[in-house]
Structures are given as structure tokens and as C-alpha cells.
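Engineer: Could you look at this predicted model? Sequence included:
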Amino acid sequence: MGPLDALWHLANLFVPALALGSLTAAGAKLLWRRDLASVSWRSLAGPAAAAGAVVTLAGLVLTGRDGKMVTYAAMVAACAVALWWRGFGPGRRGT
């Protein structure tokens, strides 16, 4: 495997976390328009994507491979907790 192939593998490892964080932040901004008016999309999407990336790495370490359904379920839960934290919980004070 060459360096470019390794870069693509690494990038594709984190695409689900980035996509989930971005799409759920956009969905939350649409569903809770008034409640999240003072919170920027970036401040929601960043922590959600980071939480998904951490769970992806943890799932890779714990299960020995990526793409397991338990990892994706944990990624959804971590993303939801991160969105709640930044949008409605104690982490909202920093916006």
C-alpha cells in the first residue's frame, strides 16, 4: 500500500463520523429553529463529528475492525449526546 492509498483509507475511516456530525447538526438546527438560533452550526457539528471520530477509533481498537454495527450505534449515541451538550446542555454557555 502506497502513501496515497493509506491516506484514502484513513480519510474513509472518518467519513461516516463527519457526515453524521454534519447532517445531524443541520437537522437539529432545522427541527429546533428557535431554541438553537443562538448556536452556530459549526459549534454543533464540530463536537458531534469529533465524538463520532473518537467512537470510530474506539470501535476499531475494541473490535479489531471498523464497520461493525455496534460501533455505528455507539457513534449515533455519542453524536446525540454531543449535540445535546452543545445545543441544550451545560456546553451551551460557551457560545
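Structural biologist: Structure received.
Engineer: switch to C-alpha atoms for all contacts and neighbour counts from now on
Structural biologist: OK.
Engineer: Packing partners of the host helix or strand of W84?
Structural biologist: Secondary structure assigned from DSSP states H and E places W84 in helix 69-87. Helices and strands touching helix 69-87, as assessed by 3 or more Cα pairs under 8 Å, 6 or more residues apart in numbering; DSSP states H and E, comprise helix 3-31, helix 41-63.
Engineer: What's the local residue count around the residue nearest to S22 when sequence neighbours are not counted?
Structural biologist: The shortest distance from S22 to any non-neighbouring residue, by Cα to Cα, 6 or more residues apart in numbering, is to A45 (5.1 Å). The number of residues packed near A45 is 25, by other Cα atoms under 10 Å.
Engineer: And A80, by the same measure?
Structural biologist: For A80, using other Cα under 10 Å, the count is 19.
Engineer: Hmm, A48 and it touching each other?
Structural biologist: Yes - the pair A80 / A48 is scored as a contact, 7.4 Å apart, by Cα atoms under 8 Å.
Engineer: got any residues that touch both of those two?
Structural biologist: Counting by Cα atoms under 8 Å, 6 or more residues apart in numbering, A80 and A48 have no contacts in common.
Engineer: still on that earlier bit, between the helix holding W84 and helix 41-63, what angle do the directions make?
Structural biologist: 150 degrees (axes from the mean of the first three to the mean of the last three Cα atoms, to 10 degrees).
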